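Colleague: no sequence for this one, just the structure:
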């Protein structure tokens, strides 16, 4: 894989006790150093026009000024420093780089993965929240949709972070040219992402939520991909496929109750790779959450190893009955039967 990375993202200072720290990226680099075939690209920061394509200009001015004045607590969870705005622009730029590489035909061992911070999927159009300031995946998808030379008319964003990406949903809730799909832990922060949140107006049906019960594991996530995501994506027929790749659904992550294993992320990666290839969509990964340094770094590394030729091992057990019922509800809500 190609990994987008920049030291600028390390300068975003959240303090020693915050779960979203620069140590996350350092741990990923250490894990990848043990693997072969890893290359790094330092992309340009996102432009203000790319950011304001998905965020309100007044909000952009406000958060830029907040950081320029030294930062502080934007809200109880979301902390900024003087260097946060540059880091956020860089993180968004890495995501845009990944999307452009994917749309241009990068695949196989050249598949792009943007390893930036702060993460993005909780940032709504007019506010920062949940550790996020700029919605990186949204900037990336919209930049390609707005570029006539990119030849991208429809994009899918699949969010496997344990938290619902309320910001990504908010930004694209009334757009037909983006299908946002999320598999997340029900009831966890920020409390959004119900099955009946499906989009509005002409975009009804282009938001797809699967709120999984706490304790869902590898088999449950694979069922969602096979029985919900695949038919929805095949029907939508996108040109670009972006994965909002959080690793906090791991069974050993400190802030979730899910049971996904490291091998489960390999299986998810393999399924998504096959799906994107089947619909002929460029595939890119954008880092979101993951707060256990070992599980985060091994999760990113297993994605790389899967593209580097490692074959994942199928799980021994089947999905939970609750997941099977939920999948039927989601299929019904989206006419996937």
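Modeller: Perfect, I can see it now. It should be emphasised that the depicted structure is a prediction, and the values quoted were computed from it without experimental measurement.

Colleague: where does the stretch 151-300 of the chain dip in pLDDT?
Modeller: Judged against pLDDT under 70, the stretch 151-300 of the chain has no low-scoring part.

Colleague: Look at residue 316 and say how many residues are nearby.
Modeller: Residue 316 has 7 neighbours, counted by other CB atoms under 10 Å. Every residue, glycine included, has its C-beta placed from N, CA and C.

Colleague: in which helix or strand would I find it?
Modeller: Taking DSSP states H and E as the definition, residue 316 sits outside all helices and strands.

Colleague: what residues does stretch 32-48 touch?
Modeller: 1-6, 8, 60, 86, 89-90, 92-97, 109, 112, 114, 134, 139, 143, 297, 300-301, 304-305, 308 (CB atoms under 8 Å, 6 or more residues apart in numbering).

Colleague: And stretch 305-324, by the same measure?
Modeller: Against stretch 305-324 from outside (CB under 8 Å, 6+ apart): 1, 35-37, 108-109, 111, 212-213, 215-220, 222-224, 263-264, 266-267, 269-270, 273, 302.

Colleague: from the contacts of stretch 32-48, which would you call buried?
Modeller: 1-6, 8, 60, 86, 89-90, 92-97, 112, 114, 134, 139, 143, 297, 300-301, 304-305 (16 or more other CB atoms under 10 Å).

Colleague: pretty sure residue 83 contacts residue 7?
Modeller: No. Counting by CB atoms under 8 Å, residue 83 sits too far from residue 7 to count as a contact (11.0 Å).

Colleague: Regarding this structure, what is its longest strand?
Modeller: strand 178-185 (DSSP state E).

Colleague: what's the following helix or strand after it?
Modeller: From strand 178-185 onward toward the C-terminus, using DSSP H and E, the following helix or strand is strand 207-212.

Colleague: Let me see the ranges of the helices in the protein.
Modeller: Here the chain has its helices, by DSSP state H, at 23-33, 48-52, 57-68, 84-103, 136-146, 166-172, 218-224, 230-236, 262-278, 293-307, 321-333.

Colleague: any idea how far residue 283 is from the residue nearest to residue 150 when sequence neighbours are not counted?
Modeller: Leaving out its chain neighbours, the residue that sits closest to residue 150 by CB to CB, 6 or more residues apart in numbering is residue 144, at 4.5 Å. Distance, residue 144 to residue 283, by CB to CB, to the nearest Å: 13 Å.

Colleague: Likewise for residue 239?
Modeller: 11 Å.

Colleague: The two - which one has more neighbours?
Modeller: Legend: neighbour count by other CB under 10 Å for residue 239 and residue 283, higher for residue 283 (26 against 20).

Colleague: Now that one. Nearest residue, chain neighbours left out?
Modeller: residue 276 is the one closest to residue 283 (CB to CB, 6+ apart), at 4.0 Å.

Colleague: likewise residue 215?
Modeller: Nearest non-adjacent residue to residue 215, counting by CB to CB, 6+ apart: residue 259, 5.7 Å away.

Colleague: Could you measure from the one you found over to residue 23?
Modeller: To residue 23, residue 259 is 25 Å away according to CB to CB.

Colleague: what about those two, which has more around it?
Modeller: More crowded of residue 259 and residue 23, by other CB under 10 Å: residue 259, with 19 against 14.

Colleague: which residues touch the more buried one?
Modeller: Going by CB under 8 Å, 6+ apart, residue 259 touches 215-218, 251.

Colleague: Out of the residues you listed, which is nearest to residue 102?
Modeller: The closest of the contacts of residue 259 to residue 102 turns out to be residue 218 (CB to CB; 25.5 Å).

Colleague: measure the closest residue to that closest one other than its chain neighbours to residue 70 for me?
Modeller: Nearest residue to residue 218, sequence neighbours excluded (CB to CB, 6+ apart): residue 264, at 3.4 Å. Using CB to CB, we find residue 264 at a distance of 41 Å from residue 70.

Colleague: which one of the two has more residues nearby?
Modeller: Between residue 264 and residue 70, counted using other CB under 10 Å, residue 264 has the larger neighbour count: 25 against 9.

Colleague: Correct me if wrong: that one contacts residue 220.
Modeller: No. Using CB under 8 Å as the test, residue 264 is too far from residue 220 to be in contact (9.4 Å).

Colleague: tally of neighbours for residue 100?
Modeller: Neighbours of residue 100 (other CB under 10 Å): 21.

Colleague: Could you do residue 246 as well?
Modeller: Using other CB under 10 Å, residue 246 has 26 neighbouring residues.

Colleague: Chain neighbours aside, what residue packs nearest to it?
Modeller: Distances taken as CB to CB, 6+ apart place residue 161 nearest to residue 246, at 2.7 Å, with adjacent residues excluded.

Colleague: Next: residue 287.
Modeller: Nearest residue to residue 287, sequence neighbours excluded (CB to CB, 6+ apart): residue 115, at 5.2 Å.

Colleague: Might you report the residue contacts of the one you found?
Modeller: With CB under 8 Å, 6+ apart, residue 115 has these contacts: 3-5, 25, 28, 94, 287, 300.

Colleague: Among these, pick out the one closest to residue 128, please.
Modeller: Residue 128 lies nearest to residue 287 out of the contacts of residue 115, by CB to CB, at 17.4 Å.
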